[in-house]
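J.: Dropping the sequence and predicted coords here.
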Amino acid sequence: MNRNQVLPQVELSTDPSALRKVDFCAPQSYLGKGFLAITDLPRLAQEVSRLEAGDGFEWGVETYFVDSPGASNPHQILKFGLKGRIHMICQRCLQDCPVDLSRECQFVMVASEAIADAYPIEDDELEPIVASQHFDLLGLIEDEILLSLPLIPKHPEGACEAYASSFGETEDGADTLQKAENPFNILKNMKKIS
Ligand SMILES: [Zn+2]
């Protein structure tokens, strides 16, 4: 039996506050997409080094029901995808660095914590979550963004120099200084830096 053909499909609101309480106990499935700014995600906002225009996440969510063997009710599957950009401190040069993130996840809605705990984990692509009438979908999206953050954010290989040389150095001044200097002194200074 395909429940999707008999159950209504409801479009999710793009309003972040509406995503804080989605009724996943209602006999209906959901479809939606939108954009979340960093300011809509308070826990993520603490991880970013600065805000640039366009920083944030496009999201898409879809739910549908599947029959599962041995269960009296079909399970609701929640699928979502995220794609976005934030800025973090590069751990190599300590300058801001853009971090692009994308993630796709799938969850299965279950009725209680006990069922979630007992859920077979061999299928690690399908994580159980407890359905509720006021499900914090925004919180779940933010969890997944936080999980996908790099432990050690870095510019791509070789890109740090571009930031370092444009930061805090007056190239003209350094040039005149080097011309007047004994080449061996320059060599000594270079060793100190490395
Ligand atoms: Zn860097």
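T.: Great, that's in hand.

J.: Quick check on the residue lying closest to R85 once chain neighbours are set aside: phi, psi?
T.: Nearest residue to R85, sequence neighbours excluded (Cβ to Cβ, 6 or more residues apart in numbering): D100, at 5.2 Å. C-betas here are computed from N, CA, C, even on glycine. Here is the backbone geometry of D100 (degrees, to the nearest 10): phi -90, psi 130.

J.: same thing with L137?
T.: phi -70, psi -30.

J.: Please report how far it lies from Q9.
T.: Distance of L137 to Q9, given as Cβ to Cβ, to the nearest Å: 16 Å.

J.: More neighbours: these two, which one.
T.: L137 (22 against 12; other Cβ atoms under 10 Å).

J.: Sketch out the low-pLDDT regions of the protein for me.
T.: 1-5, 68-72, 122-124, 163-194 (pLDDT under 70).

J.: near the ion, which residues of this structure?
T.: 90, 92-93, 155, 160 (Cβ under 5 Å from the ion).

J.: try 6 Å
T.: 90, 92-93, 95, 97, 154-155, 160, 163 (Cβ under 6 Å from the ion).

J.: Make sure P74 is actually in contact with T63.
T.: No - under the criterion of Cβ atoms under 8 Å, P74 is not in contact with T63, lying 11.5 Å apart.

J.: Tell me how many other residues surround C97.
T.: Neighbours of C97 (other Cβ under 10 Å): 22.

J.: who touches L147 in this structure?
T.: Counting by Cβ atoms under 8 Å, 6 or more residues apart in numbering, L147 touches R103.

J.: Look up how far W59 lies from the most centrally placed residue in the chain.
T.: Nearest residue to the geometric centre of the chain (Cα atoms, centre = their mean): I145, 2.5 Å. Note on I145: its distance to W59, by Cβ to Cβ, is 9 Å.

J.: okay, and the common contacts of these two?
T.: In contact with both I145 and W59: L82, using Cβ under 8 Å, 6+ apart.

J.: Please spell out which residues along stretch 20-38 are buried.
T.: Applying a neighbour-count criterion of 16 or more other Cβ atoms under 10 Å, one finds 22, 24, 29-30, 32, 34, 36, 38 buried in stretch 20-38.
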